[in-house]
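In: can't give you the sequence, but here's the structure:
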């Protein structure tokens, strides 16, 4: 979800049941590229489908602003 924290600060919360290497950083980098006008939002479906030129993919967001707050293992432990 998107949380507006005031003073121009925004927090993006992700809840995943699995993630690929740099997945969240790539998603955030794409959101930043669209919001800064460096990429048209109409390109997002093409990026998600894996089609097109991978050389023109937005840069991943820097890792220094990311933190892992909680991990849930309920399904793993109960099986």
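Out: Looks like it arrived, so ask away. Keep in mind it's a predicted model, so treat the numbers as computed, not measured.
In: Quick one: find the helix or strand in this protein with the lowest mean pLDDT.
Out: helix 74-78 (a mean of 65; mean pLDDT, DSSP states H and E).
In: And the residue most central in space within the chain, how far from residue 74?
Out: For the chain, the residue nearest the mean C-alpha position is residue 27 (2.6 Å; Cα atoms, centre = their mean). Distance, residue 27 to residue 74, using Cβ to Cβ, to the nearest Å: 25 Å. Glycine gets a C-beta too; all of them are placed from N, C-alpha and C.
In: Where do the strands of the protein begin and end?
Out: Under the criterion DSSP state E, the chain contains strands at 2-6, 9-12.
In: all helices of this structure, in order?
Out: Here the chain has its helices, by DSSP state H, at 23-35, 44-49, 74-78.
In: Which one of those has the poorest average confidence?
Out: Lowest mean pLDDT within those: helix 74-78, at a mean of 65.
In: My read is that residue 1 contacts residue 13, right?
Out: Yes: between residue 1 and residue 13 there is a contact under Cβ atoms under 8 Å: 4.8 Å.
In: Can you pull out the residues in contact with stretch 65-73?
Out: Under the criterion Cβ atoms under 8 Å, 6 or more residues apart in numbering, residues 24-25, 28 lie in contact with stretch 65-73.
In: returning to what we had before: want to throw the helices of the chain into CSV with distance to residue 67?
Out: Below are the helices of the chain laid out as CSV (distance: least, Cβ to Cβ, whole Å):
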stretch, distance to residue 67
helix 23-35, 11
helix 44-49, 25
helix 74-78, 22
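In: OK, contacts around the residue nearest to the centre of the chain?
Out: If a contact means Cβ under 8 Å, 6+ apart, then residue 27 has residue 14 as its contacts.
In: on that earlier part again, hey, which of the strands of the chain is tucked in deepest?
Out: strand 9-12 (a mean of 11; mean count of other Cβ atoms under 10 Å).
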